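Trainee: sequence first, predicted model second:
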Amino acid sequence: MQVSSIPPPSASASSAASLGASPTGGSAGSNAVAEFLAYAKETPAQQMRDSILRQLGLTEDDLKAMSPQDRAKVEQKIKDLIKQKVEQSTEKKTGVVVDVKV
């Protein structure tokens, strides 16, 4: 079977489609793509910090706008929550069933 009548997509159309943007220059998915790329570039620690800030309903800009005392309190809370998450993930789990089929 030969499908030579269909031309290959142009480089600009395929790259726009792969990034989630429409080929006409619109930004239908460019915001989501930009957010994902920014998240993917973060270290796991930064991702965890961002996650905790979202749980607290805050952003980095909110922290910058706080007084030094309030910011110190929030930073300490973030440290405590990160420590709890790390401890929970490293605790030895007992009673876990493991499938060892080969």
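Mentor: In hand now; what should we look at?
Trainee: pLDDT below threshold where in the protein?
Mentor: Along the chain, segments meeting pLDDT under 70 span 1-28, 92-99, 102.
Trainee: buried stuff in the top helix by length along it?
Mentor: Of all segments of type helix in the chain, defined using DSSP state H, the longest is helix 68-90. Neighbour counts using 16 or more other CB atoms under 10 Å place V74, I78, L81 of helix 68-90 among the buried residues. The way it works is simple: take the backbone N, C-alpha and C, and place the C-beta from them, glycine included.
Trainee: and which of the residues you listed is nearest to S30?
Mentor: Taking CB to CB as the measure, S30 lies nearest I78 of the buried residues of helix 68-90, at 30.2 Å.
Trainee: contact partners for that closest one?
Mentor: Counting by CB atoms under 8 Å, 6 or more residues apart in numbering, I78 touches R49, I52, L53, L56.
Trainee: I'd say the first one and I82 touch.
Mentor: Yes - here R49 reaches I82: they are 7.2 Å apart, a contact under CB atoms under 8 Å.
Trainee: ok, back up a step: pull the CA atoms of the longest helix of the chain into PDB?
Mentor: Below are the C-alpha coordinates for helix 68-90, written out as PDB (Å, rounded to 0.1, in the frame of the first residue of the first chain):
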ATOM      1  CA  PRO A  68       9.700  39.300  57.100                       C
ATOM      2  CA  GLN A  69       8.000  37.800  60.200                       C
ATOM      3  CA  ASP A  70       5.100  36.400  58.300                       C
ATOM      4  CA  ARG A  71       7.300  35.100  55.600                       C
ATOM      5  CA  ALA A  72       9.500  33.400  58.100                       C
ATOM      6  CA  LYS A  73       6.500  31.600  59.600                       C
ATOM      7  CA  VAL A  74       5.400  30.400  56.200                       C
ATOM      8  CA  GLU A  75       8.900  29.300  55.300                       C
ATOM      9  CA  GLN A  76       9.100  27.300  58.600                       C
ATOM     10  CA  LYS A  77       5.700  25.700  57.900                       C
ATOM     11  CA  ILE A  78       7.000  24.700  54.400                       C
ATOM     12  CA  LYS A  79      10.100  23.200  55.900                       C
ATOM     13  CA  ASP A  80       8.100  21.200  58.400                       C
ATOM     14  CA  LEU A  81       5.700  19.900  55.700                       C
ATOM     15  CA  ILE A  82       8.600  18.900  53.400                       C
ATOM     16  CA  LYS A  83      10.300  17.100  56.400                       C
ATOM     17  CA  GLN A  84       7.000  15.200  57.100                       C
ATOM     18  CA  LYS A  85       6.700  14.200  53.500                       C
ATOM     19  CA  VAL A  86      10.300  13.000  53.300                       C
ATOM     20  CA  GLU A  87       9.900  11.000  56.500                       C
ATOM     21  CA  GLN A  88       6.700   9.400  55.300                       C
ATOM     22  CA  SER A  89       8.200   8.300  52.100                       C
ATOM     23  CA  THR A  90      11.300   6.800  53.700                       C
END
